[in-house]
Structure formats: structure tokens, C-alpha cells
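Trainee: What follows is a protein structure lacking sequence information:
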């Protein structure tokens with residue numbers, strides 16, 4: 001591989017004694033080195049190539065530049081953090097972009113799929129495929145910056161089937177029926193009446209279908225008034241244009257949100273951590289599951305509540321585009337295929353039809 005100033009490195013080559021790497025300097029002098037394993041030889045080449053040319057970009061340096069780029073685009077802090085975490089999971093150590101190949105990226109993806117992560121378990125199919133998608137976008141950006149000639153991960157396909165019912169609906173056995181959802185809601189309201197602000201935040205996930213990051217980033221100024229104080233909620237910062245929306249706050253939730261905002265300045269967070277900063281989005285997950293335990297129902301995720309709202313409203317006959325607008329989706333098909341439970345839209349149509357046949361209005 002040719003380097004700046006005529007410096008090159010060749011290998012690794014398999015030999016009886018191990019794996020040989022050949023360094024070639026600007027004067028064409030060759031220095032062989034032997035390593036016990038191919039992995040050690042490849043790692044040495046990576047470090048050497050990064051050292052030989054300061055003009056080279058490494059994955060770590062590119063990731064840091066990408067972080068600045070995402071922030072300049074206006075991406076939310078949580079989104080930028082999640083993206084950089086995904087890139088870091090894929091590239092566990094800094095690698096020179098100059099030596100990235102499809103074969104190397106395949107090896108890195110294979111390692112990601114089987115590597116123990118949280119609770120000593122490998123990532124789920126949805127998670128490792130999501131990481132791969134983030135890495136592809138990152139490497140496409142590196143191509144646009146001129147640091148890569150082509151995206152070495154572009155041809156890699158995600159392995160495994162995603163959960164067929166959509167990420168928001170959870171695994172079988174971790175779902176809520178209507179009666180269980182009512183029990184959950186009653187418990188959350190009971191806790192909210194006792195001043196439990198975390199229970200109010202959990203209620204927002206179900207009753208407004210908001211993303212966890214949207215809930216934690218809510219500011220007092222986002223609560224607005226049309227006919228009654230706190231009856232509107234602005235969501236000015238979202239990960240997509242469709243996510244920037246205004247929601248009508250259910251009457252049962254208004255007083256609790258106003259209580260959480262009471263005494264705070266307009267730019268403070270409605271749900272504020274002790275240091276005055278927003279909670280990390282896992283705080284919503286933690287409290288949704290806490291209410292599940294208190295209510296004696298299966299534990300679900302905060303994102304599940306978005307799917308549950310889509311399911312319930314679809315079964316009551318609300319149009320798909322209206323549900324999509326509530327959840328902040330640009331395409332109603334995303335809402336109905338990945339969030340609402342299968343058959344919920346059909347149930348809504350039957351319900352509306354039966355109502356018309358009985359003399360009611362649609």
C-alpha cells in the first residue's frame with residue numbers, strides 16, 4: 001500500500017514462524033517483522049499506517065468530526081450521543097480509514113453480532129442492524145468529505161429478522177391488554193396525584209405518544225394555552241421534520257404538567273434532574289417499568305407506549321394519518337405497520353361500520 005513520501009507497508013504474509021509484515025521506507029529499505037497471530041499483525045499495520053501519515057483520518061477522528069457535524073445540523077444531544085455510541089460499538093478501536101475494506105467491515109459486524117454487551121447478552125437483531133445502519137450513514141458522510149473513495153460497508157446486509165410486530169410493541173409476553181393498560185394508567189395517575197413527577201413523565205409517554213427524548217427535553221415554554229392553561233404542548237425539537245408538532249394535552253394530564261412546571265422559568269426543563277439538566281431518556285423507561293410493577297402488569301418499554309397509543313386509537317377508528325401526526329411520523333404506513341398492532345385498523349373500520357349501521361355517525 002503506497003503511503004505519503006514513498007513509505008509503504010505490506011502484508012501480513014503467513015509463514016511457519018507466524019505472520020510477516022514488511023515496512024518499506026522512503027529510501028526503499030525493507031524491514032520485516034514477525035507476529036504470532038494474524039490479528040496482531042493486522043493491528044500493527046493499522047497503527048503503523050495511522051502513524052506514517054498525519055493526513056490520514058482514523059475512525060475515531062472521523063467520529064469526532066461527525067459529532068460536530070451532527071450538532072451543527074441541529075440534531076438533539078441524545079440523538080448525537082446515540083449515533084456516536086453506535087459508531088463506537090462497531091469500531092471498538094481506532095482504525096485508519098485508508099485500510100477499511102468490505103471484508104474488514106464484515107468481520108467487525110460479525111464481531112458486533114456475537115459480542116456480549118448489556119447483561120452479558122449480545123445485541124438484539126433490531127439493535128445490531130440499527131448500529132450497522134448508523135455506520136453506513138457515517139461512512140457515506142466520510143465519502144462526502146473526501147476521506148474515503150467509497151463506502152466499504154455499503155454492500156453489507158443486516159443479518160436476522162426484525163421483530164415482525166415492530167419495535168414499539170415489545171416481545172411476546174411483554175404486552176399490555178386494554179384492561180392492563182387501564183390499570184397501569186390508574187396507578188400512574190394515583191402516583192401523579194401524590195406529587196410523583198416521574199409518574200407524570202411516564203403518563204406523557206402513553207397519553208401523548210411522545211418519544212422518551214422528547215419528554216426529557218420538554219421545557220416550560222413548550223406548554224401553551226389555547227382555551228385553557230396547559231392544553232397545548234409544542235414539540236419544537238425532534239429528530240425529523242414530522243416530529244416537530246403541536247399536541248393537544250388530555251384534560252386529565254394538564255394539571256399535572258402545570259404542577260411540574262410551577263415555579264420554573266420558561267427555559268427550564270419540565271422534568272429536571274438534580275443538576276438542572278434534562279434526565280437521560282432511560283429515566284422514562286425506568287419509570288414506565290416502575291409503574292408496571294406497582295400496577296402488577298407485565299413490564300414494557302417506554303417506546304411500547306407509543307405503539308399502545310397507536311393500537312388503541314386505531315381500534316377506535318381514528319384515521320392512520322391522524323395517528324401518524326400524533327406520533328410524529330411522516331408516513332402513516334410507518335405507524336400502522338410498525339407501531340399499531342396487526343388488525344387494529346381493521347377493527348376500527350368494523351367498529352365504525354357497525355356504528356353507521358346502528359344509526360350513528362362516523
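Mentor: Yes, it's here. The model shown is predicted, which means the values in this text are computed figures rather than measured ones.

Trainee: where does this protein have low pLDDT?
Mentor: By pLDDT under 70, the weakly predicted segments of the chain are 1-7, 25-27, 49-56, 162-173, 239, 345, 348-362.

Trainee: How is it partitioned into domains?
Mentor: By the assignment in automatic domain parsing, the chain contains the domains 4-52, 59-144, 178-357.

Trainee: Which one, of those, ends up nearest to residue 156?
Mentor: Judged by CB to CB, the one of the domains of the chain that comes nearest to residue 156 is domain 59-144, at 5.9 Å. Any C-beta I mention is one placed from the backbone N, CA and C, and that applies to glycine too.

Trainee: just how off-centre is the closest one within its chain?
Mentor: The chain centre lies 12 Å from the centre of domain 59-144; the measure is CA atoms, centre = their mean, to the nearest Å.

Trainee: now stretch 244-253
Mentor: Here stretch 244-253 is found 24 Å from its chain centre; the criterion is CA atoms, centre = their mean.

Trainee: Next: stretch 326-337.
Mentor: Counting by CA atoms, centre = their mean, stretch 326-337 is centred 17 Å from the centre of its parent chain.

Trainee: cool, stretch 294-312 as well?
Mentor: Using CA atoms, centre = their mean, the mean C-alpha position of stretch 294-312 is found 18 Å from that of the whole chain.

Trainee: and it, which residues are buried?
Mentor: 295, 297-298, 300-312 (16 or more other CB atoms under 10 Å).

Trainee: just the helices in this protein please.
Mentor: For the chain, helices defined by DSSP state H occupy the ranges 38-52, 59-73, 77-90, 102-114, 125-144, 178-193, 197-207, 212-216, 251-261, 282-295, 302-315, 320-327, 332-338, 344-357.

Trainee: could I get those as a markdown table with distance to residue 234?
Mentor: Below are the helices of the chain laid out as a markdown table (distance: least, CB to CB, whole Å):
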| stretch | distance to residue 234 |
| --- | --- |
| helix 38-52 | 46 |
| helix 59-73 | 21 |
| helix 77-90 | 18 |
| helix 102-114 | 38 |
| helix 125-144 | 28 |
| helix 178-193 | 22 |
| helix 197-207 | 14 |
| helix 212-216 | 11 |
| helix 251-261 | 12 |
| helix 282-295 | 19 |
| helix 302-315 | 18 |
| helix 320-327 | 14 |
| helix 332-338 | 21 |
| helix 344-357 | 28 |
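
Trainee: Mind checking the ones you listed for the one nearest to residue 226?
Mentor: Closest approach to residue 226 among the helices of the chain (CB to CB): helix 251-261, 11.2 Å.

Trainee: which residues are in contact with the closest one?
Mentor: The contact list for helix 251-261 (CB atoms under 8 Å, 6 or more residues apart in numbering) reads 189, 192, 195, 197, 200, 203-204, 207-208, 220, 223, 228-231, 233, 249, 270-271.

Trainee: same thing with stretch 17-35?
Mentor: The contact list for stretch 17-35, computed with CB under 8 Å, 6+ apart, reads 5-13, 15, 36-38, 40-41, 44-45, 48.

Trainee: So which residue is smack in the middle of the chain?
Mentor: Closest residue to the average C-alpha location of the chain: residue 82 at 6.2 Å, with CA atoms, centre = their mean.

Trainee: circling back to that earlier point, tell me the two of the buried residues of stretch 294-312 that are most distant?
Mentor: For these, the maximum inter-member distance is 20.8 Å, found between 295 and 310 (CB to CB).

Trainee: circling back: just give me the closest of the buried residues of stretch 294-312 to residue 75.
Mentor: residue 303 (19.0 Å).

Trainee: still on that earlier bit, would you reformat the domains of the chain as a markdown table and include distance to residue 156?
Mentor: Below are these laid out as a markdown table (distance: least, CB to CB, whole Å):
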| stretch | distance to residue 156 |
| --- | --- |
| domain 4-52 | 19 |
| domain 59-144 | 6 |
| domain 178-357 | 23 |
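
Trainee: deepest of those, which one?
Mentor: Of all those, domain 178-357 carries the top mean neighbour count, a mean of 18, counting by mean count of other CB atoms under 10 Å.

Trainee: residues touching residue 180, list them.
Mentor: Shown in contact with residue 180 (CB under 8 Å, 6+ apart): 295, 297-298.

Trainee: Please look at residue 48 and residue 9 and confirm they touch.
Mentor: Yes - here residue 48 reaches residue 9: they are 5.5 Å apart, a contact under CB atoms under 8 Å.

Trainee: how close does the nearest residue to residue 314 once chain neighbours are set aside get to residue 208?
Mentor: Once flanking residues are discounted, residue 314 sits nearest to residue 344: 4.0 Å by CB to CB, 6 or more residues apart in numbering. Distance, residue 344 to residue 208, using CB to CB, to the nearest Å: 19 Å.
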